[in-house]
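J.: I'll drop the sequence and a predicted model, then ask my questions.
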Amino acid sequence: MDTKKEKVADSVPATRVGFIGLGVMGRPMARNLLKANFPLAVYDLNRPAVEEIVTLGASDAGSITGAAAADVVVTMLPDTPDVEAVIFGDQGLAGSMRRGSILIDMSSISPVATRRFAAALAERGVSMLDAPVSGGFQGAEAGTLSIMIGGEAEALERCRSVLEAMGKTINHIGQSGAGQVCKVCNQVVVAINIQAVAEALTLAKKNGVDPGKVRDALLGGFARSTALDLHGKRVLDDNFAAGFRVNLQRKDLRLALETGAATGTPLPATALIQELYGILAATGRGGMDNSSLALLMQEFSGARGDGSA
Ligand code: NAD
């Protein structure tokens, strides 16, 4: 019989983590870092979000500079100007992070700006990884996010355990900006899929065919997709409450179109869908789920609420 006492897995990872941006995604991600025993210092402009995570065991960084004292700083902010302000604004990360420390920006922002930020930080001895995610709030909660990384492999290896506490699939895509390019590619595929589902289920309805039966049949064949499964279900349930908001999707498609324009890559389907999301926003529906494209298709075709289906 083995008499050796089983070692209790209570060791604290040495890496100190600073976390800035405790929104819909950032809060569950921070909770997962605490569950993995990382010493965590958090900051957000929104005090209640900070207090919630401090109650769970994090320390209150009090400022961006306070969070910058860590070995690894994670940012999870809305858009490019927010990340730029946190890095390069007064009392920003650029002036306060130590040489040899790592910034992991997990926000979905411009790949072009990301390369600029990483180059400026490298001059100060700070490594920056772009690490946007897919998987939504559910993936953030479950710690199963898909993380798309751009930056130096050596920096990734130094902070892999931090990423593993938040995500299940960690893909090193390439050099700085490559993670953000991957993320905009992801959004192009997702948005075009959602529009395809919106058109197909509206077409079924207008032809007096049960959209539920069409969805079931398509899920068993070549047309199977996550959008058909999840967003198709929303269409059948007439449930367009967010979810992933139209306005966030518009931001991501804007980034895709800007990235395309910067490299001479036409994205005609993406451009059309961005216009459709623009109609949703202009008609007061920017806060609804991104599957609301189906609402527009139903309205455009007269399939909504007029008994024509
Ligand atoms: P959010 O708006 O809920 O959270 C952003 C947080 O950043 C807020 O708490 C805000 O107070 C804070 N913040 C903004 N500026 C700040 C500053 N200067 N200093 C400190 N804190 C600041 O956004 P979210 O839904 O958590 O998304 C964050 C990022 O993740 C976005 O880029 C988004 O596109 C991306 N994303 C979101 C989802 C999703 O399902 N929500 C999925 C994948 C990726």
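T.: Everything's here; your move. In this text, all values refer to a predicted model and were calculated from it rather than measured experimentally.

J.: am I right that N171 sits in a strand?
T.: Yes: with DSSP: H, G, I helix; E, B strand; the rest coil as the criterion, N171 is part of a strand.

J.: that one against I149, yeah?
T.: Yes: the criterion here is Cβ atoms under 8 Å, and N171 meets it with I149 at 6.5 Å. All C-beta spots, glycine's among them, are computed from the backbone N, C-alpha and C.

J.: comparing the two, which residue is more hemmed in?
T.: Neighbour tally, N171 and I149, criterion other Cβ atoms under 10 Å: the higher count belongs to I149, 26 against 14.

J.: helix or strand: which one has that one?
T.: strand 145-150 (DSSP states H and E).

J.: again with G284
T.: Secondary structure assignment for G284, by DSSP H and E: no helix or strand.

J.: the host helix or strand of L248 vs the ligand: in contact?
T.: Using DSSP H and E, L248 falls within helix 246-262. Yes: against the ligand, helix 246-262 shows contacts by Cβ under 6 Å from any ligand atom at L248.

J.: pLDDT weak spots in the protein?
T.: 1-13, 305-309 (pLDDT under 70).

J.: residues touching the residue of it found nearest the ligand, list them.
T.: The nearest approach of the chain to the ligand comes at G23, 1.7 Å away (Cβ to the nearest ligand atom). Neighbour list for G23: 44, 46, 49, 76, 78 [criterion: Cβ atoms under 8 Å, 6 or more residues apart in numbering].

J.: you'd agree it is in a strand?
T.: No: G23 sits outside any strand when classified using three-state DSSP, being coil.

J.: centre of the chain to the strand holding I149, how far?
T.: 9 Å (Cα atoms, centre = their mean, to the nearest Å).

J.: number the chain from 97, please
T.: Sure, I'll start counting at 97 from here, so that last one is strand 241-246.

J.: following that strand in sequence, what is the next regular element?
T.: Next helix or strand after strand 241-246 toward the C-terminus (DSSP H and E): helix 249-260.

J.: which parts of that following helix are buried?
T.: Buried residues in helix 249-260, counted by 16 or more other Cβ atoms under 10 Å: 251-252, 254-255, 258-259.

J.: next one: stretch 323-343
T.: 323-324, 327-328, 330-331, 336, 338-343.

J.: mind putting these into TSV with secondary structure and distance to T151?
T.: As requested, the buried residues of stretch 323-343 are arranged in TSV below (DSSP: H, G, I helix; E, B strand; the rest coil; distance: Cβ to Cβ, whole Å):
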residue	secondary structure	distance to T151
A323	helix	37
L324	helix	40
H327	helix	35
G328	helix	39
R330	helix	34
V331	helix	39
F336	coil	33
A338	coil	26
G339	coil	27
F340	coil	27
R341	strand	27
V342	helix	32
N343	helix	30
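
J.: now for those residues: which two are most distant?
T.: Across the buried residues of stretch 323-343, no pair lies farther apart than L324 and N343, at 23.7 Å, counting by Cβ to Cβ.

J.: show me what the strand holding I245 is packed up against.
T.: Counting contacts by 3 or more Cβ pairs under 8 Å, 6 or more residues apart in numbering; DSSP states H and E, strand 241-246 is packed against strand 223-226, strand 229-230, helix 249-260, strand 263-270, helix 274-302.

J.: most tightly packed of those?
T.: Highest mean neighbour count of those: strand 223-226, a mean of 27 (counted as mean count of other Cβ atoms under 10 Å).

J.: do that one and the ligand meet?
T.: No: counting by Cβ under 6 Å from any ligand atom, the ligand is not contacted by strand 223-226; separation bottoms out at 11.4 Å.

J.: from the chain's centre, how far out does stretch 133-141 sit?
T.: How far stretch 133-141 lies from its chain's middle: 19 Å, per Cα atoms, centre = their mean.

J.: can the helix or strand where E371 lies be found next to the ligand?
T.: Assignment of secondary structure by DSSP H and E places E371 within helix 364-378. No: counting by Cβ under 6 Å from any ligand atom, the ligand has no neighbours in helix 364-378; the shortest distance is 13.8 Å.
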